[in-house]
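Chemist: curious how this folds, go ahead:
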Amino acid sequence: MTQVIVLPHVELCPDGAVIEATPGESLCDSLLAGGIEIEHACEKSCACTTCHVIVREGFQSLDEAEEEEEDLLDKAWGLEPQSRLSCQAIVGETPLVVEIPRYTINMAREGKH
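Modeler: Okay, the predicted model is just below:
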């Protein structure tokens with residue numbers, strides 16, 4: 001199991017959290033399994049930006065983002081160089097520290113396709 005530290009988020013985990021993730025599983029699935037109800041409006045199909053996270057530590061251990069993910073990330077609120085869509089970031093053996101941005105843009109719900 002790989003440790004994932006989730007920094008405090010006002011709504012999803014006000015005190016932050018430490019979860020155990022299964023290597024080979026998406027970060028989104030790991031967060032959900034750990035009780036962090038991160039939004040995933042497109043059902044984890046890489047079609048929105050609602051599961052956007054910023055990987056504060058361990059970013060280099062993740063596989064590079066595919067072009068489709070990069071294109072969507074360009075539309076994410078609060079984009080940073082260490083931003084990933086958690087549905088596309090696959091957990092490895094390296095511990096991660098992630099921040100869930102305060103806001104999210106739901107491309108489907110808000111009609112901004």
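Chemist: ranges for the helices of this structure?
Modeler: 27-33, 67-73 (DSSP state H).
Chemist: looking at those helices, which is closest to Ile90?
Modeler: Closest to Ile90 of the helices of the chain is helix 27-33 (Cβ to Cβ; 7.5 Å). For every residue, glycine as well, the C-beta is placed using N, CA and C.
Chemist: got a list of contacts for that closest one?
Modeler: Applying Cβ atoms under 8 Å, 6 or more residues apart in numbering, the external contacts of helix 27-33 come out as 4, 6, 19, 21-22, 25, 38, 40, 44, 51, 53, 84-87, 89-91, 96, 98.
Chemist: swap the cut-off to 10 Å and go again
Modeler: Residues outside helix 27-33 that contact it (Cβ atoms under 10 Å, 6 or more residues apart in numbering) are 1-2, 4, 6, 12-13, 17, 19-23, 25-26, 36-40, 44, 50-51, 53, 55, 62, 84-91, 96, 98, 100.
Chemist: on that earlier part again, can I get the helices of the chain in a markdown table with distance to Glu80, mean neighbour count and mean pLDDT?
Modeler: Output for the helices of the chain, formatted as a markdown table (distance: least, Cβ to Cβ, whole Å; neighbours: other Cβ atoms under 10 Å; pLDDT from 0 to 100):
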| stretch | distance to Glu80 | mean neighbour count | mean pLDDT |
| --- | --- | --- | --- |
| helix 27-33 | 15 | 21 | 98 |
| helix 67-73 | 10 | 14 | 96 |
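Chemist: between those helices, which gets nearest to Ile105?
Modeler: Nearest to Ile105 among the helices of the chain is helix 67-73 (10.0 Å), distances taken as Cβ to Cβ.
Chemist: which strands or helices does the closest one pack on?
Modeler: When contacts are defined as 3 or more Cβ pairs under 10 Å, 6 or more residues apart in numbering; DSSP states H and E, helix 67-73 sits against strand 83-85.
Chemist: end to end, how far does stretch 74-92 reach?
Modeler: 25 Å (Cα to Cα, to the nearest Å).
Chemist: what residues sit buried inside that stretch?
Modeler: Residues Ala76, Gln82, Ser83, Arg84, Leu85, Ser86, Cys87, Gln88, Ala89, Ile90, Val91 are the ones in stretch 74-92 that count as buried (16 or more other Cβ atoms under 10 Å).
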